[in-house]
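Q: Here is my input; please provide its structure:
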Amino acid sequence: MDETLHIACIGLGVMGGPIAGHLARAGHRVTAYNRSPERARQWAGTWQEEGLEVGFADNPADAARGADVALTCVGNDEDLASVTTATGGVLDGLARGSLLIDHTTTSAAMARTLGEACAERGIAFVDAPVSGGQAGAENGQLAIMCGGPDEAMARARPVMQPYAKAITHVGATGAGQTAKMVNQMCIAGTLAGLSEAIRLAEGAGLDLDKTYEAISGGAAQSWQMDNRWQTMARGEFDFGFAIDWMRKDLGYALDEARRLGLSSPVTALVDQFYAEVQAAGGNRHDTSALISRLPKSDSSK
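A: Modelled structure (predicted):
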């Protein structure tokens, strides 16, 4: 690492917590804030066991005060506004010339609004949603899609490298969020196909391991197939990214499509499939639980 930075990490969830840890391991001075004190205490204990020094603040403004960079990773548009532009938010603490990187998945409109608020204060801004799930965050292997000015991106890239597998500057402010919408639409469609395919293989009495071996080396191969085929077949759905969050993301994607005058019938249909899983109590199951709405055939039970 060429430069030691003071970095404020706002949000210590499934993604934000591991990100903060990677930055501390890289030698940066990290100050964290989380709305849930219990979650903050859990991370504090984990980091202490590892010998990492991470400071904690009582609010986002205090965490960001004196920081070179602030990272935010919270839930949705409203959550992001509450920790950035609201009184006591990050923008109350960051100084002119600092940098804000947002890893929350939000609407593109929210990214543009926050970018404008930062520009008014002389703060550089990059919207940088991530993909790779809990495992990607923990292993420092996230794919990060970014929007913002070239100068801000050049400053943000080395900050993100300790926890990234790939960092791509897609375009202007908001482009990162739009790319994340594209990402989520692809995942939703893939999981819908996988769900039906697994049920067909089961119903036909195929050996699922052999079927996976037969098709995973060809054009049907995907990350979801490689990582979720077996767990979907076993009914295991505890892998970090909840259906509640996927529906939030798909909602942003469908809103953006409508704004652009586009039709997204497959995404809209899969979104309703996820709503069925939610209604059955699967809100906190991961996105591969889409298969749970499809009953097995009598021959496969």
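
Q: List the contacts of the most centrally placed residue in the chain.
A: Against the mean C-alpha coordinate of the chain, by CA atoms, centre = their mean, the closest residue is residue 130 at 4.6 Å. Residue 130 makes contacts with 15, 103, 136-137, 142-145, as judged by CB atoms under 8 Å, 6 or more residues apart in numbering. For every residue, glycine as well, the C-beta is placed using N, CA and C.

Q: Kindly report the same for residue 19.
A: Taking CB under 8 Å, 6+ apart as the definition, contacts of residue 19 comprise 9, 71, 73, 103, 137, 142, 163.

Q: Which PyMOL command selects the buried ones in the residues you listed?
A: Typed into PyMOL, the line below selects the buried ones among the contacts of residue 19, using 16 or more other CB atoms under 10 Å:
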select buried, resi 9+71+73+103+137+142+163
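
Q: Kindly list the longest strand within this structure.
A: strand 164-171 (DSSP state E).

Q: Looking at that one now, give me its mean pLDDT.
A: Averaged across strand 164-171, the pLDDT comes to 98.

Q: what's downstream of that strand, the next helix or strand?
A: helix 175-203 (DSSP states H and E).

Q: Check the offset of that following helix from the chain's centre.
A: 16 Å (CA atoms, centre = their mean, to the nearest Å).

Q: Return the set of buried residues in that helix.
A: For helix 175-203, burial by neighbour count (16+ other CB under 10 Å) applies to 175-181, 183-185, 187-188, 190-195, 197-199, 201-202.

Q: which other helices and strands contact the helix or strand that comes right after it?
A: Per DSSP H and E, the first helix or strand lying C-terminal to helix 175-203 is helix 208-215. Other helices and strands packing on helix 208-215, by 3 or more CB pairs under 8 Å, 6 or more residues apart in numbering; DSSP states H and E, are helix 175-203, helix 223-234.

Q: Compare these and give me the one nearest residue 28.
A: With respect to residue 28, and counting by CB to CB, the nearest of these is helix 175-203 at 22.0 Å.

Q: ok so, going back, with the contacts of residue 130 in mind, which one is nearest to residue 284?
A: Distances from residue 284 to these, taken by CB to CB, are shortest for residue 15, at 15.7 Å.

Q: Give the helix, strand or coil label for the closest residue to that closest one other than its chain neighbours.
A: Spatial nearest neighbour of residue 15, excluding adjacent residues (CB to CB, 6 or more residues apart in numbering): residue 137 at 4.7 Å. The three-state assignment at residue 137 reads helix, by DSSP: H, G, I helix; E, B strand; the rest coil.
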